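**Q** got a predicted structure plus its sequence, pasted below:
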Amino acid sequence: MEEVCLTTQSAAGVQQRIEALVREYQTKLARYLRRMVGDSELALDLTQDVFLAAYRTLQRDPERPLTAGWLYKTATNGAISHLRRRKIIRMLPLDRDSDDRSWRIDERSAASVDLQAAISKLPPEQAAAVLLTSYAGYSSNEAATILGTSPDAVRQRVCRAMKILRSVMTEQS
Amino acid sequence: MNNQCGRAEVLAGAIALGEADEAQREEYRKHVAHCGSCLESLGGEREIERVMAVVAQARDAETWEPAQRRLGERSRTRIWQAAAAALAAALAVSFSVHALLPALVHAPSIAPKTVALAHVAPLHAGPRKRVAVSVPAPPRKVAKAASPRRRSIVVIHNVITHHGNVVTQTTTSTTEVAQAQPAPVVTVPASNVPIWRRDEAMPPLTTQPPAATSAPVFAGRAESMDVTPVTTVRNVMPLGGDAAINPRPAPIAYAEDAEGTTAFEVEVDERGIPTKCTITKSSGYRVLDVAVCKAAMAARYSPRLVNGKATPGVYRDAFTFRATNDDDSQF
């Protein structure tokens, strides 16, 4: 997958590098995180956290190159941490669990499959594997680097996620 | 699960991601050929690709744009949620201080230690009693590997007719069975009709308003005296009614549990003979699309009539195929 690697070889400085990263990846990361956690507001918060982490990293080491993989890795870790934490505090009524809007291929047709409901049933690691590959467009090797595991493990997670998606789609239809 | 099934999961994942080469696909085919549980849970190659295609289609249909925020800005909803959580925590601490502190202060005078232990002990001595709550399981059909399944496909025919401004829709369904055995009649609700189909319905009999009525009328001019005659159009309809087109998919469709909606249009000449069939929306299974076009080309049609004169026309329709088993088709 094509990645934009921004370094400080241009004399723009940290601020400009962060702005360039936000312009390039904000929409992609927010959409990816929205599908991971199922909540648009929370996805925007997590996206902010990613760029804040990038800002702090660049402040410490201005020469460090930040790739899209680094951003997705930080975003995935943040989303998985949130999903694990949400499992514990789900009984609190203040925690809004899911986005109001479903995710359908055809938004007008209630008969089409609600994929967001299916993805919310997946364990966080499987959801990350299937979204990084099928949604963000990474190969299993690249997704394995992001998730810190092997390519075969990513393929296995995708397969198990696909199994659950298939059963949910069958129930919905 | 043995190692071979674990390997099959990796291969299925590679197929799902489009990374499997022909050798890996062949290895997967060989495994599922003799492993019924893997075939049941993972499905064939086409089934894997079909599920992943749904994800890809949903990704392509994504339209949500994130609202622009300044770096470090947080959502108001979550700030209020955090504030409310903090308030709730403060109330809980306040309640515990006010309600439990007096009890702790006067605890020795309320009950001697022996009595307290006697009350506490039974709670921890025996196993906890729990009220059994039975939740009815969802009616999922799990096919047994030992019993052979008889597969069938439900074909839903969507017919939409216009009578003036009134649009009526009827849905008929037939069941195509792989083996030559009688199949139960299945009724599928009309809500399965995809919405995109409704817009494309063509009225069988319409009266077009004269085009000249929209043109400006100039008093005293000869042009304003022209009156265009009313045009009567009757569109192409299959001879023999809705059952005239009867698609029969090849047996491989039953084995693959092929499902989907195929929309098509047939060009019909002035003699009512179909000349060309075009799939306007594929079901994702070539075998279903081919069956639909084959049936559409085998039928005969009444040609499009404009003021009683036969002209070439187009007939549009759609079929929905649903894979079902005999035990599923009883409801």
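**A** Arrived safely.
**Q** output stretch B:289-299 as PDB, restricted to C-alpha atoms.
**A** Extracted C-alpha coordinates of stretch B:289-299, given in PDB (Å, rounded to 0.1, in the frame of the first residue of the first chain):
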ATOM      1  CA  ASP B 289     -27.200 -14.700 -14.300                       C
ATOM      2  CA  VAL B 290     -26.800 -17.100 -17.100                       C
ATOM      3  CA  ALA B 291     -29.900 -19.000 -16.100                       C
ATOM      4  CA  VAL B 292     -31.900 -15.800 -16.000                       C
ATOM      5  CA  CYS B 293     -30.800 -14.700 -19.400                       C
ATOM      6  CA  LYS B 294     -31.300 -18.100 -20.900                       C
ATOM      7  CA  ALA B 295     -34.900 -18.200 -19.600                       C
ATOM      8  CA  ALA B 296     -35.500 -14.600 -20.800                       C
ATOM      9  CA  MET B 297     -34.300 -15.400 -24.300                       C
ATOM     10  CA  ALA B 298     -36.400 -18.600 -24.400                       C
ATOM     11  CA  ALA B 299     -39.600 -16.700 -23.700                       C
END
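**Q** quick check: mean pLDDT across that stretch?
**A** Mean per-residue pLDDT for stretch B:289-299: 89.
**Q** for that stretch, buried residues please.
**A** Applying a neighbour-count criterion of 16 or more other Cβ atoms under 10 Å in any protein chain shown, one finds B:289-293, B:295-296, B:299 buried in stretch B:289-299. Quick note: C-beta positions are derived from backbone N, CA and C, even for glycine.
**Q** so what does the helix or strand hosting residue A:117 touch, helix or strand wise?
**A** Element membership for residue A:117, per DSSP states H and E: helix A:115-119. When contacts are defined as 3 or more Cβ pairs under 8 Å, 6 or more residues apart in numbering or on different chains; DSSP states H and E, helix A:115-119 packs onto helix A:14-37, helix A:151-172, helix B:45-60.
**Q** which ones among the buried residues of stretch B:289-299 lie within strands?
**A** With DSSP state E as the criterion, strands contain none of those.
**Q** now these in a markdown table, with distance to chain A?
**A** Listed next are these as a markdown table, based on distance: Cβ to the nearest Cβ, whole Å:
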| residue | distance to chain A |
| --- | --- |
| B:289 | 19 |
| B:290 | 23 |
| B:291 | 21 |
| B:292 | 20 |
| B:293 | 24 |
| B:295 | 24 |
| B:296 | 24 |
| B:299 | 28 |
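**Q** closest to residue A:155 out of those?
**A** residue B:289 (30.4 Å; Cβ to Cβ).
**Q** can I assume the closest one is in contact with residue B:277?
**A** No - between residue B:289 and residue B:277 there is no contact under Cβ atoms under 8 Å: 9.6 Å.
**Q** any residues in contact with both of these two?
**A** Taking Cβ atoms under 8 Å, 6 or more residues apart in numbering or on different chains as the criterion, residue B:289 and residue B:277 both touch residue B:264.
**Q** okay, buried residues for stretch B:51-64 please.
**A** So, applying 16+ other Cβ under 10 Å, buried residues of stretch B:51-64: B:51-52, B:54-55, B:57-59.
**Q** quick check: closest non-adjacent residue to the residue in chain A positioned nearest to chain B.
**A** Residue of chain A nearest chain B, by Cβ to the nearest Cβ: residue A:155 (2.9 Å). For residue A:155, ignoring the flanking residues on the chain, the nearest one in space by Cβ to Cβ, 6 or more residues apart in numbering or on different chains is residue B:13 at 2.9 Å.
**Q** just say helix, strand or coil for residue A:62.
**A** Assigned state for residue A:62: coil (three-state reduction, DSSP: H, G, I helix; E, B strand; the rest coil).
**Q** retrieve the pLDDT associated with it.
**A** 84.
**Q** now residue B:95
**A** 62.
**Q** returning to that earlier point: what's the neighbour count on the residue of chain A closest to chain B?
**A** Counted with other Cβ atoms under 10 Å in any protein chain shown, residues neighbouring residue A:155 total 26.
**Q** that one reaches residue B:14, doesn't it?
**A** Yes - counting by Cβ under 8 Å, residue B:14 is a contact partner of residue A:155 at 5.2 Å.
**Q** who touches both of those two?
**A** With Cβ under 8 Å, 6+ apart, residue A:155 and residue B:14 have common neighbours residue A:140.
**Q** tell me how far the lowest-mean-pLDDT helix or strand in chain A lies from the chain's centre.
**A** Least confident helix or strand of chain A, by mean pLDDT, DSSP states H and E, is helix A:115-119 with a mean of 81. Distance of helix A:115-119 from the chain centroid (Cα atoms, centre = their mean, to the nearest Å) equals 14 Å.
**Q** cool, and stretch A:14-25?
**A** Distance, centroid of stretch A:14-25 to centroid of chain: 19 Å (Cα atoms, centre = their mean).
**Q** can I get that stretch in CSV? Just the C-alpha atoms.
**A** What follows is stretch A:14-25, C-alpha atoms only, in CSV (Å, rounded to 0.1, in the frame of the first residue of the first chain):
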residue,chain,number,x,y,z
VAL,A,14,6.9,19.9,13.5
GLN,A,15,3.8,22.0,13.2
GLN,A,16,3.7,21.8,9.4
ARG,A,17,4.4,18.1,9.5
ILE,A,18,1.5,17.5,11.8
GLU,A,19,-0.8,19.6,9.6
ALA,A,20,0.3,17.6,6.6
LEU,A,21,-0.4,14.4,8.4
VAL,A,22,-3.9,15.6,9.5
ARG,A,23,-4.8,16.7,6.0
GLU,A,24,-3.7,13.4,4.5
TYR,A,25,-4.9,10.9,7.1
